[in-house]
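# Pasting the sequence and the predicted coordinates here, then a few questions.
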Amino acid sequence: MATEEVFIDEISYPSKITTTKPLSLLGQGITDMEIHFIHVKFYSIGVYLDTEVVNHLQQFKGKSAKELEENDEFFDALISAPVEKFIRLVVIKEIKGAQYGVQIESSVRDRLAADDKYEDEEEEALEKIVEFFQTKYFKKHSVIIYHFPANAATAEIVVTLEGKEDSKHVIENANVVEGIKKWYLGGSSAVSTTTITSLAASLSAELSK
């Protein structure tokens, strides 16, 4: 059966992907910013989840999309739910890998430091991520994927650049993995409000079935 395509800011995303099992596109959005009164879009985001995630969110059943969107406890429960998660980013505005790596490093470091979880091991894991992105150059339509297995405290980053073989990096530090999940899925503190709004709407609908 052919998978439907969904367009996120004119970029095509499959509505379902299969890793170890089928995952559904339940969140979509972009990261953007006003720079000198010009609206700049950086990348689109598609969040794929195992629909079994609703079994771990039953305490939020009956809440509206708006209520979920404003409830950080809901997003904490989503992040900690032991189901597979897959985040696909497609670059809209080209960027050096070094710049992107530093964005991750500073965002995750600040979160971990605030939670008193930033030690030498976390610093080393973040340095390895920065190193992984350092030499890359993301043209428009380059793809960055974060894959979070169901019951593991690890994550895999896969980068697809035009004309090159995919490159991969595995993050083995549980605190850094959680920090990245929070960067993309962490409710009011997440990097993309449009993605959070979309996740709240989709999951509110799933929970009402």
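Good, I have the coordinates.
# average pLDDT for the strand ranked longest in the chain?
What stands out as the longest strand in the chain, according to DSSP state E, is strand 22-35. Mean per-residue pLDDT for strand 22-35: 94.
# now swap in stretch 81-94 and tell me
For stretch 81-94, the per-residue pLDDT averages 96.
# surely Gln28 meets Gly46?
Yes - contact criterion C-beta atoms under 8 Å: Gln28 and Gly46 qualify, at 5.3 Å. In short, each C-beta sits where N, CA and C put it, glycine included.
# mind listing the helices for this protein?
For the chain, the helices defined by DSSP state H occupy 65-69, 72-80, 97-114, 120-134, 174-185, 193-207.
# closest to Ile17 out of those helices?
Between Ile17 and those, the shortest gap by C-beta to C-beta is with helix 193-207, which sits at 15.4 Å.
# The closest one: which residues count as buried?
In terms of neighbour count (16 or more other C-beta atoms under 10 Å), helix 193-207 has its buried residues at 194-204, 206-207.
# and Lys21, how many neighbours does it have?
11 (other C-beta atoms under 10 Å).
# Do I have it right that it meets Leu49?
No - counting by C-beta under 8 Å, Lys21 stays clear of Leu49, with 11.1 Å between them.
# if we can go back for a sec, mutual contacts of Gln28 and Gly46, please.
Taking C-beta atoms under 8 Å, 6 or more residues apart in numbering as the criterion, Gln28 and Gly46 both touch 6, 8, 13.
# Could you give me the PyMOL syntax to select whichever of those are buried?
In PyMOL, a selection of the buried entries from the shared contacts of Gln28 and Gly46 looks like this (16+ other C-beta under 10 Å):
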select buried, resi 8+13
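# Columns distance to Ile38 on top of the shared contacts of Gln28 and Gly46, output as JSON lines?
Listed next are the shared contacts of Gln28 and Gly46 as JSON lines, based on distance: C-beta to C-beta, whole Å:
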{"residue": "Val6", "distance to Ile38": "27"}
{"residue": "Ile8", "distance to Ile38": "21"}
{"residue": "Tyr13", "distance to Ile38": "26"}
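# So which of the shared contacts of Gln28 and Gly46 are in strands?
Among the shared contacts of Gln28 and Gly46, the ones falling in strands (DSSP E) are 6, 8, 13.
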